[in-house]
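Novice: Any chance you can model this:
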Amino acid sequence: MTSLHSAGRRRRVVAAVGAVSAGLLVLSACEKPSPVATVTVGSDSVSSEASCYAHGEEIKPDELTSCLSGKDVPTLKVDQDETVRFGVDPEIAESRWVILMNGKPLVSDSERTYRTIPGSIFFSPQYGAQGKSTTVAVQALDPDDKARTTGLWTFKLEEGVS
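Specialist: Here you go, the predicted structure:
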């Protein structure tokens with residue numbers, strides 16, 4: 001009787017060890033999600049994980065072009081009289097970030113978690129706008145070398161009433 005009891009215990013221990021091992025394997029396969037950037041116009045807002053994110057490492061310049069030209073990017077309608085608000089996770093703000101418009105810096109880099117910009121800028125030829133939509137991006141910078149990009153969040157702004 002003792003041998004049956006210890007055999008059952010052994011099976012339970014082996015099953016528990018197997019379950020823990022499987023759980024650790026599943027967790028190790030999970031990748032930490034990228035921080036989130038948000039764009040808000042009036043009461044409408046869209047949030048997104050990064051189009052490209054290197055978890056503190058540099059994203060190569062040739063990769064950045066494909067990150068900026070994503071087809072399925074979050075889109076918001078913007079009336080020219082509205083204010084566009086950009087918000088980032090503190091992790092992005094700590095390393096500094098900049099807003100790009102059609103791939104070019106629109107504002108200087110910041111350590112704050114939010115920035116506001118008049119909606120009219122996004123459709124003004126003076127700032128490089130062409131047509132009724134503009135691609136904007138939040139670019140996370142390497143804190144040690146601001147010429148290097150560590151993350152990019154891409155959004156599309158369309159002229160119109162939100």
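
Novice: wait, what's in contact with the nearest residue in space to P74 that is not next to it in sequence?
Specialist: Take P74 and drop its neighbours on the chain: the residue closest to it by CB to CB, 6 or more residues apart in numbering is V46, 3.7 Å away. In this view, the C-beta of every residue, glycine as well, is placed from N, C-alpha and C. V46 makes contact with 38-39, 74-76, 155 under the criterion CB atoms under 8 Å, 6 or more residues apart in numbering.

Novice: element containing V46, please.
Specialist: Using DSSP states H and E, V46 maps to strand 44-49.

Novice: how about that strand as CSV, C-alpha atoms only?
Specialist: Extracted C-alpha coordinates of strand 44-49, given in CSV (Å, rounded to 0.1, in the frame of the first residue of the first chain):
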residue,chain,number,x,y,z
ASP,A,44,-11.3,61.5,-30.0
SER,A,45,-8.1,59.7,-29.3
VAL,A,46,-6.1,56.8,-30.7
SER,A,47,-3.3,54.9,-28.9
SER,A,48,-0.8,52.6,-30.5
GLU,A,49,2.2,50.5,-29.7
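
Novice: next one: that strand to chain centre, how far?
Specialist: 10 Å (CA atoms, centre = their mean, to the nearest Å).

Novice: can you check stretch 135-151 too?
Specialist: Centre to centre, stretch against its chain (CA atoms, centre = their mean), the figure for stretch 135-151 is 12 Å.
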